[in-house]
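**Student:** this one's sequence-less:
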């Protein structure tokens, strides 16, 4: 296994990493490993914007009404 030393880490980032590690029940080192692995793996995945949008809004309490479609669309007039 490789070893990595991170110097000059912002104290706020360090504190948030500590809090995140505690929430997940792991050490700061284990949390940093998990974050790095997830970031590198995501980089190789193709971006599916539609899936990301659906996932983001999946639990949103939004109800949209469909507009009435009985009226015919007007033809488009193109002028040069």
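**Tutor:** Happy to help now that I have it. Computed from a predicted structure; not experimentally measured.
**Student:** When you work out contacts or count neighbours from here on, use the C-alpha atoms and nothing else.
**Tutor:** OK.
**Student:** And the longest helix along the chain, how far out from the chain middle?
**Tutor:** With secondary structure taken from DSSP state H, the chain has its longest helix at helix 28-44. Offset of helix 28-44 from its chain centre (Cα atoms, centre = their mean, to the nearest Å): 14 Å.
**Student:** Could you give me the buried positions within it?
**Tutor:** Residues of helix 28-44 classed as buried by neighbour count (16 or more other Cα atoms under 10 Å): 28, 31-32.
**Student:** What's the first helix or strand after it?
**Tutor:** helix 49-57 (DSSP states H and E).
**Student:** From the contact counts, what lies against that next one?
**Tutor:** Applying 3 or more Cα pairs under 8 Å, 6 or more residues apart in numbering; DSSP states H and E, we find helix 49-57 packed against no helix or strand.
**Student:** so what's the spatially most central residue of the chain up against?
**Tutor:** Nearest residue to the geometric centre of the chain (Cα atoms, centre = their mean): residue 52, 7.3 Å. By Cα atoms under 8 Å, 6 or more residues apart in numbering, no residues touch residue 52.
**Student:** before we move on, the earlier item: Serialize the buried residues of helix 28-44 to JSON lines and add fields for pLDDT and distance to residue 56.
**Tutor:** Output for the buried residues of helix 28-44, formatted as JSON lines (pLDDT from 0 to 100; distance: Cα to Cα, whole Å):
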{"residue": "28", "pLDDT": "94", "distance to residue 56": "28"}
{"residue": "31", "pLDDT": "95", "distance to residue 56": "24"}
{"residue": "32", "pLDDT": "95", "distance to residue 56": "25"}
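**Student:** JSON lines please, covering these and showing distance to residue 67.
**Tutor:** Shown next, in JSON lines, are the buried residues of helix 28-44 (distance: Cα to Cα, whole Å):
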{"residue": "28", "distance to residue 67": "52"}
{"residue": "31", "distance to residue 67": "48"}
{"residue": "32", "distance to residue 67": "49"}
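**Student:** Could you single out the nearest of those residues to residue 78?
**Tutor:** Distances from residue 78 to the buried residues of helix 28-44, taken as Cα to Cα, are shortest for residue 32 (58.1 Å).
**Student:** can you tell me the helix or strand for the closest residue to that closest one other than its chain neighbours?
**Tutor:** Closest residue to residue 32 apart from its sequence neighbours, by Cα to Cα, 6 or more residues apart in numbering: residue 17 at 7.5 Å. Element membership for residue 17 (DSSP H and E) is helix 11-24.
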